[in-house]
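1. next input, structure requested:
(2 chains)
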Amino acid sequence: MTATATAADSTGSTWGARRPLLLLAGLVALATVMVASVGVGAHFIGPATALHALSGSGDPNDVALVRDIRLPRGALAIGVGAALAVSGVLVQVLSRNPLGEPGVLGVTSGAGFAISVGSGLGLTVNALGELLAAVVGAVAAAALVAAVGRRSPLRMLLAGMALSSVLTGLTLGMRLISPTVFDKYRFWSIGSLAGREQAPNTMPLLVIAVAVAAALLLSRQLAAVALGEAVAHTLGVNVTRVRLVTLVLITALAGAATAIAGPILFVGLIVPHLVRRAADGSVPWLIGFAAVLGPVLLLAADTAARVLLTTGEVPVAIVTAFLGGPALIWAVRRYGVAQP
Amino acid sequence: MPVSTRSPSARFRIVGALALAAALAAGCGSSDAGAGGDAGPTRKFVADNGTITIPAKPKRVVATGYAVPALLDSGAPLVGISTWQRGLPMMGAAERERYDEISKVAGESAAETNYNAIAKADPDLIVIGVPKPALADINMKRLESIAPVVTLGPSVPKAWRELSRRQADAAGALKGFDATRTAYELKAKQLAEKYKSVLPKLKLGHVGAYGEVAKGTFQREFHGSWGTNVAQDMGANYYGAVKVEGKGSRSVSEYPSIEELPDAFAEADAITYSLKADGSVPPPVQSVLDSPLWKNLPAVKAGKVFPLRYTEAATYREAEMTLDAADKAFAPLLK
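-> Below is the predicted model:
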């Protein structure tokens, strides 16, 4: 976030005046994609049938499909999309690095490592065990990275990348040694929402909701920190506390999202860039837009993933990676020579 | 031009080492030079890799892949095998003891073949039991320089019967093979008789262990697949066929979206599903069992769901275990 952009926010630019309308448009887009996601899949359900099924009447299979599979899956996409996008914003603002995303803090590799260790020890026998292992791994990795890199954002990113490499190597080693670990990891490692609606997801979704709300509450102080420590101190902001709370929020959001759906790359990277212009330098609006556009993107990708191939679904992480590659190139071209 | 700084004695050592290596290579390159040096009578054997001249009575056999359980069960004279983790839960005490004793010359995949270990085992016959695509990972010329090589890999799942017979035949172990086959066929006949009033009348469907949870698919197996072929020998009748026929196991199984469960099993009177050899439910099967759509299936509502163990049986001895497990699973049908 730049001082110029913040100034533009305070003086009221064209984008600034349109922000409420843009947010409303985002919410309408989210509702539209949600309706589409209820109908689209291997078994197509028309709008009228979907409405009947929602009320619990009609073919029992349609009712089960709509109420027990597609709606919960849509809710997961909204939660995971919001978590990844908002944590992406927090990482980029905190580190002042436009290429930052939750994975660079070691959260994803920490979750993968913990699941591998858990399956090797026979602890991740069900979805709950898998979920707990992912959360523990994500939190432990983020805590370690935060401890090593607490003094500077750059050191934190480097520590995150180093830890990710080490954990990825260890996980690979375990997969090669143990068929059980390999078996478990290969199902988890492809980020997907298929079948995840049957897992006990209430707690991680609650964590995401609370963390997004907390991020919004913290956003003004975070904007001050993004302007530099000296400015933040002048504005009366406790920089250390804001950084710590932001790290906790990033860990909670990315950890919960990874625990639910496995590693889904690029959403945390792309969405902040897509909404940056509309936010017009305002961190609260950046977080607000990300919390809406992240779910739109993930829900649309998940819906498309169901019908892209005639041979079956494509894991949503592959769709987001397919979109994310070009987006990353775009980001590099845009920010390669100038800081955001 | 760089000038060598090595001493004359160092040069002699290098030349000596090269000469020794050349002599060893020459030894490895002749199939007549090892323990099987006196090859004895030979015969022509038709394998996947052509007509191969092999010893009429092999004395030192190396086996990899699916040839491992087949030749262990047939009592072939094995001197080296690949590891076969997936078959361990289906090994009896005697087979396991023998498996542990025999030197391991390759890992689980064809790419993990240890050529030096095979040469050291000094075989007079090598039986490769891996699928055709995996043969690309094997240096056949190097193996053929050690001993005659016959490749006999799996094609469609139910073909394990003929495949294991050919592998046993190549290794000169048909006598042991015939004994296990006879025992299996007798048991299958007895069970077919036991269930003749119920099993053939049921339209069965099968959920296999190889669906992909992340892709939201399940595996449906038809006649002649891993999960169904042994149960068929006791009279089970699996209905339907794949929508788009592929090669190998794809000709008898398919991977529809889990949302298609109601269509896939709408006509099924009963459904069987694969368990792991230890009796636990594989994750892809568990995701089907947890699906709300599963609970709506007529067969599930009627309580006609039967878990099957040992569906990966690839020898007659292993298949006997499958028969026993199926007998236990189908027992409620007789009440």
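2. helix or strand: which one has the spatially most central residue of chain A?
-> The centroid of chain A falls nearest to residue A:84 when counting by C-alpha atoms, centre = their mean (1.1 Å). In this structure, residue A:84 is located in helix A:71-95 according to DSSP states H and E.
3. could you list the buried residues of the host helix or strand of residue A:305?
-> When elements are assigned from DSSP H and E, residue A:305 belongs to helix A:283-307. Using 16 or more other C-beta atoms under 10 Å in any protein chain shown as the burial criterion, the residues of helix A:283-307 that qualify are A:283-306. Quick note: C-beta positions are derived from backbone N, CA and C, even for glycine.
4. filter those down to the ones close to chain B.
-> Residues of the buried residues of helix A:283-307 in contact with chain B (C-beta under 8 Å from any C-beta of the partner chain): residue A:306.
5. just give the nearest non-adjacent residue to residue A:46, would you?
-> Once its chain neighbours are removed from consideration, residue A:46 has its nearest residue in residue A:39; the separation is 6.6 Å (C-beta to C-beta, 6 or more residues apart in numbering or on different chains).
6. list the contacts for that neighbour?
-> In this structure, residue A:39 makes contact with A:45-47, A:50, judged by C-beta atoms under 8 Å, 6 or more residues apart in numbering or on different chains.
7. I'd like the average pLDDT over the helix holding residue A:84.
-> Across helix A:71-95, the average pLDDT comes to 94.
8. repeat for stretch A:242-253
-> Mean pLDDT, computed over stretch A:242-253, is 90.
9. so where's chain B uncertain?
-> Per-residue confidence for chain B (pLDDT under 70) gives these ranges: B:1-39.
10. Three-state assignment for the residue lying farthest from the centre of chain A, please.
-> Of all residues in chain A, the one whose C-alpha sits farthest from the chain's mean C-alpha position, using C-alpha atoms, centre = their mean, is residue A:58 at 35.7 Å. Put simply, residue A:58 is coil when judged by DSSP: H, G, I helix; E, B strand; the rest coil.
11. touching, it and residue A:52? I think so.
-> Yes. Applying C-beta atoms under 8 Å, one finds residue A:58 in contact with residue A:52, separated by 4.0 Å.
12. tell me where chain B has helices.
-> Applying DSSP state H to chain B gives helices spanning B:8-28, B:67-74, B:93-101, B:115-121, B:140-144, B:160-170, B:174-194, B:229-232, B:261-264, B:283-290, B:292-295, B:298-301, B:316-330.
13. most tightly packed of those helices?
-> Of those, the one with the most neighbours on average (mean count of other C-beta atoms under 10 Å in any protein chain shown) is helix B:67-74, at a mean of 28.
14. for chain B, what's its nearest residue on the stretch 151-300 of chain A.
-> With C-beta to the nearest C-beta, the shortest gap between the stretch 151-300 of chain A and chain B falls at residue A:194, namely 3.2 Å.
15. how near is that residue to residue B:56?
-> For residue A:194, the distance to residue B:56 under the criterion C-beta to C-beta, to the nearest Å works out to 55 Å.
16. repeat that for residue A:79.
-> Between residue A:79 and residue B:56 the computed distance is 69 Å (C-beta to C-beta).
17. kindly report the same for residue A:264.
-> According to C-beta to C-beta, residue A:264 and residue B:56 sit 60 Å apart.
18. tell me which of those two has more neighbours.
-> Set residue A:264 next to residue B:56 and count neighbours by other C-beta atoms under 10 Å in any protein chain shown: residue A:264 wins out with 32 against 11.
19. in three-state terms, label the more buried one for me.
-> With three-state DSSP as the basis, residue A:264 sits in coil.
20. contacting residues around it?
-> Taking C-beta under 8 Å, 6+ apart as the definition of contact, the neighbours of residue A:264 are A:80, A:84, A:191, A:257-258, A:298, A:316-317, A:320.
21. just residue B:300 next, same as before
-> B:271, B:294.
22. roughly how far does it sit from residue B:292?
-> Here residue B:300 is placed at a distance of 11 Å from residue B:292 (C-beta to C-beta).
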